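task: produce atomic coordinates for the following.
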Amino acid sequence: MPKLQSMLGISRPVLAGLISAGFVTPSRGARNELRFTFQDVVLLRTALQLRSAKIPPRKIANALLRLKAELPDKLPLSGIRVTAVGNTIAVKTGPSQWDAITGQLLLDFEVADIKGDVVVLDPAPRQNDVERQAEEWYELGGQLMESDAKGAEQAYRKALELSPKPFYEAYVDLGVLLCEQDGRCEDALGVFDRALSHFPDDAVLHFNRAVALEELGRLNEAGRSYKRCLQLDPSYADAHHNLAMLHEKLGDRQGLVRHLSAYRRLRS
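Reported below is the predicted structural model:
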């Protein structure tokens with residue numbers, strides 16, 4: 001729960017109050033920790049945004065009840081954004097925008113009356129807004145990583161889609177998630193390859209690419225990726241360890257001893 005509190009910027013009593021009110025129903029993990037789904041995070045974030053916008057409590061409650069009924073179980077690739085537009089609570093999912101209380105579809109632009117003139121506001125977000133949204137999706141992916149792998153994957157992909165510049169952390173975390181938690185190492189390999197097109201001299205990416213290749217049984221390619229990692233960072237102890245184990249699989253006793261010795265030296 002502390003990680004979620006930090007991400008949403010709320011206190012523990014406020015979060016506990018929203019749980020007690022029944023807006024979210026988190027499950028319990030193996031250590032009795034609270035686990036929040038994608039729906040939970042969206043509803044909590046929405047409640048806080050609407051309260052900050054000074055929307056009346058009863059209206060917030062009605063909006064959250066409808067939103068909870070309408071939200072998908074998994075994070076849609078098109079994304080969801082909830083905002084207060086005057087007294088209207090607007091929910092945007094992909095190309096559609098609807099009133100969170102009435103369910104009525106809304107136009108994709110806002111109209112403001114300024115000194116008798118009607119002004120149409122461009123709905124396209126500014127670059128700073130897009131960067132912030134990408135960061136929010138990335139943070140959501142991290143929060144969902146252990147409890148909802150599919151939701152986390154979609155959140156990371158949304159962050160990559162939105163980010164105006166190559167999003168290094170999202171590439172790394174998405175690739176690791178796909179290979180380690182979902183067993184989709186082929187997909188993970190594609191993610192790491194795309195990341196390396198932007199960050200060709202990053203040792204961590206070459207290491208994780210090697211792990212994916214090893215899981216796929218492509219041992220010689222994995223060995224080359226581990227070696228490239230070590231060329232970029234000779235002190236990368238885990239690369240020495242994995243390369244030692246790989247040499248053992250390939251029957252290369254000399255390579256096993258050399259890299260295992262390097263690993264032990266770096267760990268001592």
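
enumerate the positions of the helix ranked longest in the chain that are buried.
Scanning the chain for the longest helix, with DSSP state H as the assignment, gives helix 127-144. Using 16 or more other CB atoms under 10 Å as the test for burial, helix 127-144 gives 131, 133-144. Every residue, glycine included, has its C-beta placed from N, CA and C.

for stretch 209-216, same thing?
For stretch 209-216, by 16+ other CB under 10 Å, it's 209, 210, 211, 212, 213, 214, 215.

part of a helix, is the fifth one?
Yes. Using DSSP: H, G, I helix; E, B strand; the rest coil, the secondary structure at residue 213 is a helix.

surely it meets residue 225?
Yes. In terms of CB atoms under 8 Å, residue 213 counts as a neighbour of residue 225; the distance is 6.0 Å.

skip the chain neighbours and tell me the closest residue to residue 181.
residue 149 (5.0 Å; CB to CB, 6 or more residues apart in numbering).

list the contacts of stretch 224-233.
201-204, 206-207, 209-210, 213, 236, 239-240, 242-243, 246 (CB atoms under 8 Å, 6 or more residues apart in numbering).

quick one: buried ones out of those residues?
Looks like the contacts of stretch 224-233 have 202-204, 206-207, 209-210, 213, 236, 239-240, 242-243, 246 buried, using 16+ other CB under 10 Å.

rebuild those residues as TSV, extending it with secondary structure, pLDDT and distance to residue 266.
Shown next, in TSV, are the buried ones among the contacts of stretch 224-233 (DSSP: H, G, I helix; E, B strand; the rest coil; pLDDT from 0 to 100; distance: CB to CB, whole Å):
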residue	secondary structure	pLDDT	distance to residue 266
202	coil	96	19
203	helix	96	14
204	helix	96	16
206	helix	97	17
207	helix	96	14
209	helix	97	21
210	helix	97	17
213	helix	96	23
236	coil	94	8
239	helix	95	10
240	helix	95	7
242	helix	94	13
243	helix	95	13
246	helix	94	17
